[in-house]
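1. Sequence first, then the predicted structure, then my questions.
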Amino acid sequence: MAFNDLREYLEEVDKLGELRTLTNVHWDLEIGRITDILCHRENSPAVLIDEITGYPKGYRVLLNAQGSLTRLSMCLGLPILEKPMELVRAWRDKIKAAKMIPPKVVKEGPVLENVKEGKDIDLWKFPVPKWHPLDGGRYLGTGSVTITRDPDEGWVNLGTYRVMVHNESMVGFYISPGKHGRIHREKYMARGEICKVAVSCGQDPRIFLASTMELPYGLTEYDFAGYLKGEPIEVIESDYSGLPIPAHSEIVIEGEAVFDELVEEGPFGEWTGYYGSGSRMEPVLKVKRLMYRNDPIIMGQPPGKPPWETTRVSGINRSALLWDEMEKAGVPDVKGVWCHPAAGGRMFNVVAIKQRYPGHARQAGLLAASCHSGAYSGRYVIVVDDDIDPSDTNDVLWALSTRSDPAGDIEIVRRCWSTSLDPLVRKGQPTLNSRAIIDATRPYEWMDEFPPVVAFDPQDLEETMRKWGKLIYE
């Protein structure tokens, strides 16, 4: 399906029957409650909210933009797929075939319909939600893209970091340590130079997806978004910041990161399902230019107690990346990987293998816990046999309960990379955690003696379903 921006994407979603519109909703927690309801139901619709309390008609907030497998398949440029592992396999194949398409620089775009500077900047003109009950303020940046440039190497990074509105012309600029935008920021600080930043708060969903995918350092996410689109993303080179901004964005703010003026940021309900990082004094972004389309749309993707929209998206992506990295590292016969959305798409990962030699399962588990896609804030890796669907929680729990013995099948790895958002990292302590690798495969040494599974042939089941399914499920 062809679309060039968020509005054309919503037209396609509407054609699929997956778009709803709500009116007269309050920005103070009510939008957040609706988001919570949507995200805790699989394949729920996208919701566009208009006529928000206290704001004019046309100033809208979009929720759950990619929250179904159908919509996610569409954004990833894949056939419509209905089973998680089918989507992981298709996405993995697409990543392998990736050919970067650099953005196309244009002079004009819809984002320039309104341009404000100086005293005319007012971020409160937008219906910025307060998403969660204990949030320290209202967050414009949840489904947003923060754009920075490396001062040494010149490449541009797009990352998704939370953006709290402090006042009409200043926002928070919190980024977790180790993230590419944080590295850029630290380089400017070390050089004593101004760090200019752009933040897009409503854009082609493919740009947003690219910004969340933890691409290799030095690779510009615009190039990958172009691959997803099949043609270059149109950008405008700002005469203020010099940064390329999406020409079709709904809202873009540009400003300077201020390092010697810290303002309390947070707390904010995060992807772990907790207000994990509390509040802290953080640098701010002083807004120097505000651009927006007529009748702008804020794309909201607030995190919360998993599973939620982005953990489903990131779970698909990280599953494919983890699978690929394991194979590149030499682990044979990996048959499936699933980074469970209920654990934030990071903390509970399942790997299915066809066992080939003693120690194969341990090798797979240890590598899955330490390669790039599994290293940050992991917690559990469960290795299962190839007759187990890693995305089927019942299947995994059955294997865990019947094929693993706690005394001999659990390995603990200590002092691993965690995050300040981890609720088990106490404030002021190092951001370290441990990993459990659980071997839930049949014991290799006597696999042939292991009791057979009570199961029917899948083809026979399909035939029975064709014969009787309609009568059973009518």
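-> Right, received. Where do you want to start?

2. so who does the residue nearest to Ser377 when sequence neighbours are not counted touch?
-> Closest residue to Ser377 apart from its sequence neighbours, by C-beta to C-beta, 6 or more residues apart in numbering: Thr419 at 4.8 Å. Where C-beta positions appear, they are placed from N, C-alpha and C, glycine not excepted. By C-beta atoms under 8 Å, 6 or more residues apart in numbering, Thr419 lies in contact with 176-177, 276, 376-377, 425, 431.

3. Looking at these, spot the one nearest Cys39.
-> Using C-beta to C-beta, Gly276 comes nearest to Cys39 of the contacts of Thr419, at 18.0 Å.

4. if I look at the closest one, how far off is Gly266?
-> Counting by C-beta to C-beta, to the nearest Å, the gap between Gly276 and Gly266 amounts to 10 Å.

5. next one: Gln301
-> Computed as C-beta to C-beta, the Gln301 to Gly266 distance reads 18 Å.

6. Show me the beta-bridge partners of Ile353.
-> Val334, Asp385 (DSSP bridges).

7. Looks like it contacts Val337 (just checking).
-> No - taking contacts as C-beta atoms under 8 Å, Ile353 lies outside contact range of Val337: 9.8 Å.

8. From the neighbour counts alone, determine which of these two ranks first.
-> Val337 (30 against 24; other C-beta atoms under 10 Å).

9. Could you pull up phi and psi at the residue nearest to Ser377?
-> Backbone torsions for Thr419, taken as degrees, to the nearest 10, come to phi -150, psi 160.

10. Parallel or antiparallel, which strands does the lengthiest strand in the chain pair with?
-> Of all the segments of type strand in the chain, defined by DSSP state E, the longest one is strand 251-265. Applying DSSP bridges to the sheet, strand 251-265 is found paired with strand 195-200 (antiparallel), strand 280-292 (antiparallel).

11. How many residues are close by the nearest residue to Glu42 once chain neighbours are set aside?
-> Setting aside the residues directly before and after it, Glu42 is nearest to Ser68 in space (C-beta to C-beta, 6+ apart), at 7.8 Å. Residues within reach of Ser68, counting by other C-beta under 10 Å, total 22.

12. how close does Arg71 sit to Asn167?
-> Distance from Arg71 to Asn167, by C-beta to C-beta: 35 Å.

13. meant to ask about Gly159, not that
-> Here the criterion is C-beta to C-beta. By it, Gly159 lies 24 Å from Asn167.

14. out of Arg71 and Asn167, which sits in the more crowded spot?
-> Arg71 (25 against 12).

15. right, and that one touches Ile80 too?
-> No - counting by C-beta under 8 Å, Arg71 stays clear of Ile80, with 9.4 Å between them.

16. For Gly202, pull up the helix or strand it's in.
-> In the assignment (DSSP states H and E), Gly202 maps to no helix and no strand.

17. Help me confirm that it comes into contact with Leu62.
-> Yes - using C-beta under 8 Å, Gly202 is in contact with Leu62, at 7.2 Å.

18. shared neighbours of the two, anything?
-> In contact with both Gly202 and Leu62: 6, 143, 297-299, using C-beta under 8 Å, 6+ apart.

19. Just these: which are in helices?
-> Judged by DSSP state H, the shared contacts of Gly202 and Leu62 include Leu6 as members of helices.

20. Any of the shared contacts of Gly202 and Leu62 buried? List them.
-> The neighbour-count test (16 or more other C-beta atoms under 10 Å) marks 6, 143, 297-299 as buried among the shared contacts of Gly202 and Leu62.

21. Single out whichever of these has the smallest pLDDT.
-> Among those, Gly143 has the lowest pLDDT, at 93.

22. And the longest helix anywhere in the chain, what does it pack against?
-> Identified as the longest helix of the chain according to DSSP H is helix 309-328. Applying 3 or more C-beta pairs under 8 Å, 6 or more residues apart in numbering; DSSP states H and E, we find helix 309-328 packed against helix 69-75, helix 84-96, strand 334-339, strand 348-353, helix 360-370, helix 372-375.

23. tell me the mean pLDDT over the helix or strand containing Ile472?
-> In the assignment (DSSP H and E), Ile472 maps to helix 458-473. The pLDDT scores in helix 458-473 average 87.

24. Can you give me the buried ones in it?
-> Within helix 458-473, no residue counts as buried by 16+ other C-beta under 10 Å.

25. can you tell me which residues contact Leu158?
-> Listed by C-beta under 8 Å, 6+ apart, the contact set of Leu158 reads 145-147, 207, 210-211, 220-222.

26. State the phi and psi torsions of it.
-> Backbone torsions of Leu158, given as degrees, to the nearest 10, read phi -120, psi 120.

27. I'd like to know the beta-bridge partner residues of it.
-> Beta-bridge partners, per DSSP bridges, of Leu158: Ile147.

28. Next one: it from Glu265, what distance?
-> Applying C-beta to C-beta, the value for Leu158 to Glu265 is 21 Å.

29. cool, and Leu290?
-> Distance of Leu290 to Glu265, computed by C-beta to C-beta: 20 Å.

30. ok, now Gly77?
-> 36 Å.

31. Quick check on those two: which one has the bigger neighbour count.
-> Neighbours per residue, other C-beta under 10 Å: of Gly77 and Glu265, the larger number sits with Glu265, 24 against 15.

32. How about the contacts made by the more buried one?
-> Counting by C-beta under 8 Å, 6+ apart, Glu265 makes contact with 136, 164, 172-174, 279-282.

33. quick one: which of those residues is most hemmed in?
-> That'd be Phe173 among the contacts of Glu265, by other C-beta under 10 Å, with 28 neighbours.

34. doesn't Glu186 make contact with Pro151?
-> No - Pro151 sits out of contact with Glu186 when judged by C-beta under 8 Å, with a separation of 10.3 Å.

35. List the contacts of stretch 8-25.
-> In contact with stretch 8-25 (C-beta under 8 Å, 6+ apart) are residues 1-3, 31, 34, 45-53, 62, 65, 68, 70-71, 74-75, 204-205.

36. which ones among those residues are found in strands?
-> 46-50, 62.

37. Of those residues, which is the nearest to Ile412?
-> Ala46 (41.8 Å).

38. Read off the pLDDT value for the closest one.
-> 95.

39. which residues does it bridge with?
-> Leu19.

40. What sits closest to Met213 if chain neighbours are left out?
-> Asn317 (5.4 Å).

41. Read off the pLDDT value for the residue lying closest to His360 once chain neighbours are set aside.
-> In space, and not counting its chain neighbours, His360 is closest to Ile353: 6.3 Å by C-beta to C-beta, 6+ apart. Reading off the confidence values, Ile353 has pLDDT 97.

42. do Ala329 as well
-> With respect to pLDDT, Ala329 scores 93.

43. what's the closest non-adjacent residue to it?
-> Leu367 (5.6 Å).

44. In contact with that neighbour: list those residues for me.
-> Leu367 touches 326, 329, 331, 374, counting by C-beta under 8 Å, 6+ apart.

45. Burial check on the first one, number of neighbours?
-> Other residues lying near Met326 total 22 when counted by other C-beta under 10 Å.

46. begin at 2 from here
-> Let's use 2 as the start, then, which means that last one is Met327.
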